[in-house]
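Q: I would like the atomic coordinates for the input below:
(chains A, B, C and D)
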2 protein chains.
Amino acid sequence: MEKVDKIFEAALQLFTTKGFHGTPTSEIAKVAGVANGTLFHYFKTKEDLVNNLYLHVKNEMVDESVTGIEKIESLQLKMEYLWSKSIHWAMINPQKIFFIQQYMYSPYITTNTQEEVDIIKEVYINLIKEGIEKNEIENVPVDLVYIMATQQLFGIIQYLVMNPEKYHSTEFMNTAFNSFYRMFRKE
Amino acid sequence: MEKVDKIFEAALQLFTTKGFHGTPTSEIAKVAGVANGTLFHYFKTKEDLVNNLYLHVKNEMVDESVTGIEKIESLQLKMEYLWSKSIHWAMINPQKIFFIQQYMYSPYITTNTQEEVDIIKEVYINLIKEGIEKNEIENVPVDLVYIMATQQLFGIIQYLVMNPEKYHSTEFMNTAFNSFYRMFRKE
DNA sequence: AAATTTGTAGAGTGATTAGTCAATCAAATT
DNA sequence: AATTTGATTGACTAATCACTCTACAAATTT
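A: Okay, here's the model as predicted:
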């Protein structure tokens, strides 16, 4: 495992459990098993580290959910695919989801980073646009659909983290997806 | 204005813009216009302050949205009332909404505080239970409905903060509420 | 009006921390 | 073989911070 990845891993764990300024860079280095200086060799500042970590995790989430989607035809099934793959990823990586939820509105994430995230999420935006064009999704602003979709997704994940047994109930998962899709599908 | 309130106000502003450990207690005191020692007279620790602030803001949000609801008969209208009053409050107090979003998953908010918040939100939970009993809301777990509702609400608010002009478009607000209600109303 | 409690002040302190730096080491390039 | 480049280390430092402490003022109780 690369040292950078070890640093990412340690930072993720510590930032979510102790907060940004609550974690000394020295501790990140210790947990990662590298020297203090090594951390600053890869990341100019602590801010630089948290921003890179945020991008890294966001990228991973989108990548994971998107691979394999090209095989699917119908829009609704595509959506269901993304939805369930995102949840699957979240259930395996609860720490990463916590991190995203905690830092997406935080002052440590620069507007520059937010802009890079905007590029990553383009995949989703295009899917929504397609749905509106094909008259399968209500004609509401694309941004709004995107925000509502992600927020609802985070909601389900939050619920599943508290009630993990529900994840294996197909009935529950169907109901949950239904609530999700009903929100913006054309009636 | 009471000194405690001045401290709350200063802490709210600084915590949201600079983070918890990113804000020195000395700066909170300075912005609030009180002495350093005064802050620690009212709050045993900095953690104590942030937890009390969180409760204070949460309480305010619920109180604001709930007053006057007893005049309304139908369940859907009650929901619409809560929904729009919450959004109204959020539009006037963007800082407070930012604070809640940023700190609700943070490690600084103790489980004890979370439990006190659970008591506050009882009002909403009861409304949902009533809806399920009267067969107006889909029979999904109450907690899930609550989480989905709040998440969707935060989503709308996030969108409105970025596109404030939409707040005055009745057409938009109707569509938005519709998406909200469609998520869990009985079909 | 004396005694007690509560509010307010701000200087002081011991501990902690982000980032630097000079020194090795390893690998690649000339 | 010589040189450059990049990776890695950990001791060090100047600055910062949460909280204490003592002192006094105001309010409340006796």
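
Q: what about the residue of chain A found nearest DNA strand D, neighbour count?
A: Nearest to DNA strand D in chain A, going by CB to the nearest atom of the strand, is residue A:37, at a distance of 2.0 Å. Quick note: C-beta positions are derived from backbone N, CA and C, even for glycine. The burial count assigned to residue A:37 is 8, neighbours taken as other CB atoms under 10 Å in any protein chain shown.

Q: can you list the buried residues in the host helix or strand of residue A:159?
A: Element membership of residue A:159, judged by DSSP states H and E, is helix A:142-162. By 16 or more other CB atoms under 10 Å in any protein chain shown, the buried positions in helix A:142-162 come out as A:142, A:144-160.

Q: show me where chain A has helices.
A: Using DSSP state H, the helices of chain A run over A:3-18, A:25-32, A:36-42, A:46-66, A:75-92, A:94-103, A:111-120, A:122-133, A:142-162, A:170-182.

Q: out of those, which comes closest to residue B:108?
A: Residue B:108 lies closest to helix A:3-18 among those, at 9.4 Å (CB to CB).

Q: for chain A, what lies in contact range of DNA strand D?
A: With CB under 7 Å from any atom of the strand as the criterion, chain A meets DNA strand D at residues A:3, A:34, A:35, A:36, A:37, A:38, A:40, A:41, A:42.

Q: can you pick the most crowded of these?
A: When neighbours are counted by other CB under 10 Å, residue A:34 leads the residues of chain A next to DNA strand D with 18 neighbours.

Q: in contact with that one, which residues?
A: Each residue near residue A:34 by CB atoms under 8 Å, 6 or more residues apart in numbering or on different chains is listed here: A:3, A:6, A:7.

Q: what is the burial count for the second one?
A: Right, residue A:6. Neighbour count for residue A:6, taken as other CB under 10 Å: 17.

Q: do I have it right that it meets residue A:29?
A: No - assessed by CB atoms under 8 Å, residue A:6 is found out of contact with residue A:29, at 9.6 Å.

Q: domain-wise, how is chain A divided?
A: Following automatic domain parsing, one finds the domains of chain A at A:1-43, A:55-182.

Q: which one, of those, ends up nearest to DNA strand C?
A: Nearest of those to DNA strand C, taken as CB to the nearest atom of the strand: domain A:1-43 at 3.5 Å.

Q: ok, which of the buried residues of helix A:142-162 also contact chain B?
A: A:144, A:147, A:148, A:150, A:151, A:152, A:154, A:155, A:156, A:158, A:159 (CB under 8 Å from any CB of the partner chain).

Q: contact partners for the second one?
A: Right, residue A:147. Contacts for residue A:147 (CB under 8 Å, 6+ apart) come out as B:155, B:156, B:158, B:159.

Q: against residue A:184, how distant is the nearest residue to it once chain neighbours are set aside?
A: In space, and not counting its chain neighbours, residue A:147 is closest to residue B:155: 4.5 Å by CB to CB, 6 or more residues apart in numbering or on different chains. Distance from residue B:155 to residue A:184, counting by CB to CB, to the nearest Å: 12 Å.

Q: mutual contacts of those two, please.
A: By CB under 8 Å, 6+ apart, the residues touching both residue B:155 and residue A:184 are residue A:148.

Q: hmm, back to that, output the helices of chain A as TSV; include the columns mean pLDDT.
A: As requested, the helices of chain A are exported to TSV (pLDDT from 0 to 100):
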stretch	mean pLDDT
helix A:3-18	96
helix A:25-32	96
helix A:36-42	94
helix A:46-66	96
helix A:75-92	95
helix A:94-103	94
helix A:111-120	94
helix A:122-133	93
helix A:142-162	94
helix A:170-182	93
